[in-house]
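here's my sequence, what's the structure:
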Amino acid sequence: MAMEMPPWCGRCDQQTRRFDLGDSERRCPECHPYWAFGHSSIDPARVPVGRAAQEQAVRWLLYELVSLRELQPPELRRRISRFFEAGWTPLDVVHALDHDPDGSSARGVPLAGDTPARVERTVLNLLAAWCDADGRPLPSISQQAARRRDRMHERQRAAHLAWAEIAARPINPDAAVVSGARGIAAEARRRAEHLRLEGRRRERAALAAQATALRARQDRITDSAQRLAAYALQTGVSAGEFEDLAATRHECSAELDDTAYELHVVSSGCDADVTPSVADFGSAGRRGASTSMRRSVGASAARRGGTQRRAA
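Prediction:
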């Protein structure tokens, strides 16, 4: 193993440099590489500055990435020192060894059983994908995130400055007139009033058409009732049948008067100039009484005709 190991303290396991605690293990604080080489004090998210910091970062990489332990620390530091000088962190190097710049997984990674030469070629190929045509390292994943964060903060600061400028402007009392807001509101009110009047006009027209149709129907019914009454008088009807016809006509008149009143209540919301008057509905109701009278006259005439036929 090319990774340097500290001298053995003699109390822990010489191979693993750990203490066996039964169901768990603990690193030896004296001869374990994590403590002896200062790995516990390294912040892998910070850029190592200087030769000593870069050597410490290389030791951390050799300890964390088992597949790199076949390389010598000076050789690995010489290969990745330009990335550290470009602002890369140890975590950026780990990401570059596992992923391509487009975010996809690396096509080939070093394995623990590879020879040192093969590991070195694989590491060089993986790191070469993160270099431009001139061999300069591309922005690392942390640098890209920092640039996106800086751009977001810059947009936020610009928005805050714009809002502060708008808030600091003096209030113009004629702003509504200048912007046309009042004109827009007035036009909206006129449009709403026009729609309301149009709705009322259509409702009045519908009620007027309904009243006209009702009057025409009642005229036809009255005409038919009058002709039937004249026919009954000409042919002769008994006194009892006349009394029945009068009573039936009185009941139908009362019922039609109630119907005319209900129609007047329904149409009371419309204007008086186009709404059918109560007198019209009353006359229509009185004419509507002939419907029941016609039925009674017809029934009486049928009975009388049948009696005359039997007598003959």
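
in contact with residue 138, which residues?
Taking Cβ atoms under 8 Å, 6 or more residues apart in numbering, we find residue 138 in contact with 101, 130-132. Where C-beta positions appear, they are placed from N, C-alpha and C, glycine not excepted.

top of those residues by neighbour count?
When neighbours are counted as other Cβ atoms under 10 Å, the busiest of the contacts of residue 138 turns out to be residue 130, with 22 neighbours.

check contacts around it.
Contacts were defined as Cβ under 8 Å, 6+ apart; by that measure residue 130 touches 83, 96, 101, 137-138, 140.

10 Å - rerun?
When contacts are counted by Cβ atoms under 10 Å, 6 or more residues apart in numbering, residue 130 is found next to 83, 86, 88, 92-93, 95-97, 99-101, 137-141.

can you flag the buried ones in the residues you listed?
With neighbours counted using 16 or more other Cβ atoms under 10 Å, the contacts of residue 130 contain these buried positions: 83, 86, 88, 92-93, 95-97, 99, 137-141.

those in helices, which ones?
83, 92-93, 95-97, 141 (DSSP state H).

a markdown table for these, including pLDDT?
Formatted as a markdown table, these follow (pLDDT from 0 to 100):
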| residue | pLDDT |
| --- | --- |
| 83 | 93 |
| 92 | 92 |
| 93 | 92 |
| 95 | 91 |
| 96 | 90 |
| 97 | 89 |
| 141 | 92 |
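
export the residues you listed to JSON lines and append columns for distance to residue 227.
Shown next, in JSON lines, are those (distance: Cβ to Cβ, whole Å):
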{"residue": "83", "distance to residue 227": "114"}
{"residue": "92", "distance to residue 227": "109"}
{"residue": "93", "distance to residue 227": "113"}
{"residue": "95", "distance to residue 227": "106"}
{"residue": "96", "distance to residue 227": "109"}
{"residue": "97", "distance to residue 227": "111"}
{"residue": "141", "distance to residue 227": "103"}
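
can you list the contacts of residue 138 in a markdown table and add distance to residue 54, pLDDT and secondary structure?
Compiled in a markdown table, those are given as follows (distance: Cβ to Cβ, whole Å; pLDDT from 0 to 100; DSSP: H, G, I helix; E, B strand; the rest coil):
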| residue | distance to residue 54 | pLDDT | secondary structure |
| --- | --- | --- | --- |
| 101 | 23 | 88 | coil |
| 130 | 17 | 91 | coil |
| 131 | 18 | 90 | strand |
| 132 | 22 | 90 | coil |
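
which of these lies closest to residue 71?
Checking those against residue 71 by Cβ to Cβ gives residue 130 as the nearest, at 18.1 Å.

how much space separates the closest one from residue 235?
Taken as Cβ to Cβ, to the nearest Å, the spacing of residue 130 relative to residue 235 amounts to 119 Å.
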